[in-house]
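>>> my questions concern the predicted model and sequence given below.
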Amino acid sequence: MIYHKFVLIFEFKYILLTMQPRLKLTSNSGTPFIRLIIKALIIISAIGVLVYFVEKIDLPSPQKEIIEDVNDKINKLK
């Protein structure tokens, strides 16, 4: 019985939205410009957090410098 009432509620909302599109059931919070600024800030902060965590990863680096004499190889190529 509860499932049937749940379906009827959603069916009523669907009919209400399709038959009367001038009715807006959702509230409009802010202008499109403010929404654009908020989305841009969210994206920039997500990129900043991603860069922060990538910098925290400790990647291995060579401990000693490799010194190799390449003069013999250059002479062989000539």
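Done, it's in.
>>> burial check on residue 72, number of neighbours?
The local packing of residue 72 (other C-beta atoms under 10 Å) involves 7 other residues. No exception for glycine: its C-beta is placed from N, CA and C like everyone else's.
>>> confidence score at it?
Per-residue pLDDT puts residue 72 at 74.
>>> can I get the one helix or strand it maps to in PDB, CA atoms only?
Assigned by DSSP states H and E, residue 72 belongs to helix 71-77. Below are the C-alpha coordinates for helix 71-77, written out as PDB (Å, rounded to 0.1, in the frame of the first residue of the first chain):
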ATOM      1  CA  ASN A  71      84.300  10.800 -25.200                       C
ATOM      2  CA  ASP A  72      85.100   7.200 -26.300                       C
ATOM      3  CA  LYS A  73      81.600   6.700 -27.700                       C
ATOM      4  CA  ILE A  74      81.800  10.000 -29.600                       C
ATOM      5  CA  ASN A  75      85.100   8.900 -31.100                       C
ATOM      6  CA  LYS A  76      83.700   5.600 -32.200                       C
ATOM      7  CA  LEU A  77      80.800   7.200 -34.000                       C
END
